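Enquirer: Here is a sequence with its predicted model. Questions after.
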Amino acid sequence: MATVEFQSVSKRYQPGTPMAVIDLNLVCQEGEMLALLGPSGCGKSSTLKMAAGLEELTEGEILFGGVPVSRLPAGQRNIAMVFEDYCLYPNLTIAENIDFPLSVRGYSKAVRKERVDEVLAMLGLTDMADRKVHDLSGGAQQRIAIGRAVVRDPALILFDEPLSHLDGEQKIHLRAEISRLQKSRGVTSILVTHDQTEATAMADRIAIMRGGVLQQVAPPSRLYERPANIFVANFIGEPPMNLFPASVSAVVGHIDVPILAATIAVGDERRRMLEARQTRDLVVGLRPEHLIVETVSADRSVNAIIRYREPRGDADSLVLEILNRSGDTLVAELPGPTLFRAGDGVHLRIPAERMHLFDADTEFNLELDK
Amino acid sequence: MTAMATSFPTIDRRPRDGLAVAGLSKRFGGNEVIQNVSLAVAPGEVLALVGPSGAGKTTLCRMIAGLESPDRGSCHLAGQDVGAVAPGDRRVALMFESYALYPHLTVRENITSPLQARSRGRLAEGVKEAVDQLLTLLEIAHLGDRQPVALSGGQKQRVALARALVQNPSALLLDEPISHLDAKLRHKLRGEIRRRLSGKDHPSIWSTPDGLEGLSVGDRVAVLAEGRIEQIGTPEDIWLRPASIKVAKLFGDPPMNVLKGELHSQGEMSFFRGPEVSIELPPSLAARAKSGADRGVYLGVRPGALTLAEVGAPAGVPAQVYSNEAFGKHSIVTLRTGAGDLVKIKQKDHVALTLGAPVSFLYGAGEFFLFDGKTGSLTT
C-alpha cells in the first residue's frame, strides 16, 4: 500500500499538439479511492496511463510511497489494473484466473491456495471456483477481474471505466461491491470514469479535470455542495445546475437577476462578502431540486410554462420556460411522477439560501472557503 | 446497389403509417433471441426500447433495418410490407451501437455519407447547414475535419448519432445513442433530440439498457427481456404498474427491492411473511391475500419507501450495513439481512455509517407491489 503523488506532471503526445495534461499536482492518499472524472478529452485517461507506466511523462514526476517511478517499466511498479472489458482468460476457471498473477510470479503453492481461497470467499464465489468464466455474466466476470487484481496485494489498483460494459442492476450492484472490497482491503486505488454517478458511489475523493487542467479535488458531497467554479458546478449533478447572470443591486443587500426580472435579498453575510470582494457581476447557480415550483402564484414568484417534462421514475425533471422576452429556461426536479404536462403554467421561487454565487469574470465560487 | 434497386420494390413516398412489426422471431443456432415480438410506432412517436444487454434490442433493430432476416413475422414501413425490400431501399436510418464510422473519412464526410450514397455524390441544398446545426447541438463543431482515429469514444458516438439524425428516413433506429456521454450532455441531448424527433414525420426507436433514460425519452416504453416483450406502456404505466419483476428490476436507481414470501390473513388483516419479516398489507392488496390461493408471492418495495432505524426499533427488521453511497441530493444504503438478502434504501440525507454495523429498517406504509410467486407477473 502506498500514496501516489503526481508532481507537476504534464503530457504532450506530439510536438505541436495541445497538452493532454498540464502541470498536474495531485496526491492519492494511502488506502484511498480517488476518481479522475471529466468530459472526453479532459486528460483523465492520460493521467491513468502515466501512473500505470503505459505512457511516458513529458514533464514532472510520479511517486509511489515517496519513490519516483516514472522511469520504471509498468511491470516493476507493482500495479494491478481492472479494465472495462474484464480481460479474463476464457478457458481458465474462476480460481485459475484469480490465481494467474500469483502463479506467473512464482508464489509457492501453499501461499497461492490460501490467497485464492480468501479472495474467492470475499467475492462469494467459493462454490463456483471450478467453473469456466466464459459463460458468466459481465458483472460476475468483472468481479473475478477485481479478485485477480487484489489477490497479490498490489501497491495500487487502477480501475479504467470498470462498469462501462455493464448494465442497470449489475452496475448498481458492482459499484457497491467494488467500494466495499476496496475499503475492506484498504488498497490505494485510482478510478477513471466518465460517469459521475460511478465516481460518487465509489470514490473517497473526486478530481475533476477539464482540458488537461485539474479543477477541484474533494469528497463527492463537497463537490456537490461547494463546487470550486462554474465548470464543476455545471458538470456535477444530474440534471445540471441552473446558471444565470446577476449583478449586485442598487438596493443594499440585494442582487438583480435579469432573466427573472427579480431583485433577491442575499442576507448580511453575503452582502459583506460581496462588498469586501468588490464583486459586481455574478453568476448564480441553483440546483434543479432546489427550485420551487408552484401552481398558485405567491409573493415574488416568477411565471413560467413547462416546455417539457422528463419522467425519471421517482423524480420528474421539468424544463421551464420563463415568461420573459428572451425565453430563458430553467430546470426543476420534483418528486415524481407529477401530474404536470408540457404547456402547463407554473410559478417559480428561488430560495435565496440555496443559491451558489460565482464571480462572472473569474468563474470562481465566491464562497469556496465556507 | 443500383442493379439491386430495380429488382426490389422501393419506398419513396413519405411514411404515413409509421412502423409495425408483427410476430417477429429470430433464432441464432439453438438460441431464440427474438420471440414473437409485435409492436407499432407512429410517425413522430419515440418508442424507447429498454432491455438489459443480450435482451435482443440490437437484433430487433437490425431486422427492422433489413440487415437480418426474421425466421417468422412481418415488418411494415409506411403501410408497406418490407419483408422483400433490400436494406438500402428501406430507407431506415440505423445508428449502430458500435458507431461503424469510416476511418478514412472526416467527421463531416462520415455524417453526410448516407446522403451522398443516395444522391450519387451531390448533396442537396441545406445539407451543410443541417450538418452544422447538428455538430453544434452535439458539441463537436470543432471536430468536423478530423478523422475518427483522433476522436474519443464519446466523440465517435456523437458522430454516429449525427449521421443518423441528418437523414430523412422511413424510420430512425438509435441503438444506445448516448451511453458513452457524460451526464450533462446526456441530459441535454435526451431533451433536445426527443423534441426534434417529435416534430418529424417518421417513427423513431431509441434503444437503451438504462431504464430511466427510456422513461425520459419515450412517448411509450417497450421492455424487452430474453427476446420477449414484457410490457409496452407510457412511462407512468411502467413506473406505477410494472407488469413483472423483470420490468420492475430495470427501472429505478436503485431498482425495487424484491423479497420472496407468503401471504397470510388473520381476521380483517393481511400479512406478507418473508424471511424474518411480517408486513401488514394495505387494504388494496388484502383481497389477494384473503383469496388464499397460490400463497407464494414476491413483494416489491421501492428503496425510497424504506427507512433506516436504530437497532431494536419497534417493527424494525434487523440488518447489517453492507455499503453506504452518498450522491449529493440523496444517498443509497445497502443492508444485509440475517437471511442474507441485500436490501437497498434511498434516503434524502446522508448519514455516516460503519460498514458491518448493526441497524434495522422499517417498511413503513410505503407502496407495495405483489408479484406472482411462479410467473413473476404483477398481481392485480
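Expert: Structure's in. What do you need?
Enquirer: burial count for the closest residue to residue A:55 other than its chain neighbours?
Expert: Leaving out its chain neighbours, the residue that sits closest to residue A:55 by C-beta to C-beta, 6 or more residues apart in numbering or on different chains is residue A:49, at 4.0 Å. C-beta coordinates here come from the backbone N, C-alpha and C atoms, glycine included. The number of residues packed near residue A:49 is 19, by other C-beta atoms under 10 Å in any protein chain shown.
Enquirer: do the one 4 residues further on as well
Expert: Neighbour count for residue A:53, taken as other C-beta under 10 Å: 18.
Enquirer: Just the pLDDT for it.
Expert: On the pLDDT scale, residue A:53 is placed at 94.
Enquirer: What about it? Give its phi and psi, please.
Expert: phi 90, psi 20 (degrees, to the nearest 10).
Enquirer: My understanding was that the residue nearest to residue A:55 contacts residue A:57; is that so?
Expert: No. At 10.2 Å, residue A:49 does not count as touching residue A:57 under the criterion of C-beta atoms under 8 Å.
Enquirer: need the contact list for the residue in the stretch 201-350 of chain A positioned nearest to chain B.
Expert: In the stretch 201-350 of chain A, no residue comes nearer to chain B than residue A:224, which is 3.3 Å away by C-beta to the nearest C-beta. The contact partners of residue A:224, by C-beta atoms under 8 Å, 6 or more residues apart in numbering or on different chains, come to A:236-237, B:327-329.
Enquirer: Tell me the one of those nearest residue A:26?
Expert: Of all the contacts of residue A:224, residue A:236 has the smallest distance to residue A:26: 17.6 Å, by C-beta to C-beta.
Enquirer: where does the closest one land on pLDDT?
Expert: So, for residue A:236, pLDDT stands at 93.
Enquirer: Need phi/psi at it.
Expert: The phi/psi pair for residue A:236 (degrees, to the nearest 10) is phi -90, psi 130.
Enquirer: so residue A:174 sits in a helix?
Expert: Yes. Per DSSP: H, G, I helix; E, B strand; the rest coil, residue A:174 lies within a helix segment.
Enquirer: Now do the same contact list for residue 144.
Expert: Assuming you mean chain A. Residue A:144 makes contacts with A:86, A:88, A:94, A:97-98, A:123, A:125, A:133, A:136, as judged by C-beta under 8 Å, 6+ apart.
Enquirer: my question was about chain B
Expert: Taking C-beta under 8 Å, 6+ apart as the test, what residue B:144 contacts is B:106-108, B:135.
Enquirer: So which bits of the stretch 51-200 of chain A are right by chain B?
Expert: With C-beta under 8 Å from any C-beta of the partner chain as the criterion, the stretch 51-200 of chain A meets chain B at residues A:138, A:164-165, A:167-170, A:172-173, A:175-177, A:179-180, A:183-184, A:194-197, A:200.
Enquirer: Which residues outside the strand or helix carrying residue B:345 are in contact with it?
Expert: Using DSSP states H and E, the element containing residue B:345 is strand B:342-347. The contact list for strand B:342-347 (C-beta under 8 Å, 6+ apart) reads A:173, A:314, B:254, B:257, B:259, B:302-304, B:306-308, B:319, B:322, B:330-337, B:361.
Enquirer: Try it again at 10 Å.
Expert: The contact list for strand B:342-347, computed with C-beta atoms under 10 Å, 6 or more residues apart in numbering or on different chains, reads A:172-173, A:176-177, A:314, B:252-259, B:277, B:301-308, B:317, B:319, B:322-325, B:327, B:330-337, B:359, B:361-362.
Enquirer: Report the next helix or strand after that strand in sequence order.
Expert: Going down the chain from strand B:342-347, the next helix or strand is strand B:358-362, by DSSP H and E.
Enquirer: Now do the helices in the stretch 51-200 of chain B.
Expert: Taking DSSP state H, counting those that start in this stretch as the test, the helices found in the stretch 51-200 of chain B are B:57-65, B:87-90, B:107-119, B:127-137, B:153-165, B:183-198.
Enquirer: of these, which approaches residue B:171 most closely?
Expert: Minimum separation from residue B:171 across those (C-beta to C-beta) falls at helix B:57-65, 6.7 Å.
Enquirer: chain center to that closest one: distance?
Expert: Its chain's average C-alpha position is 15 Å from that of helix B:57-65, according to C-alpha atoms, centre = their mean, to the nearest Å.
Enquirer: Okay, and residue A:159 sits in which element?
Expert: strand A:156-160.
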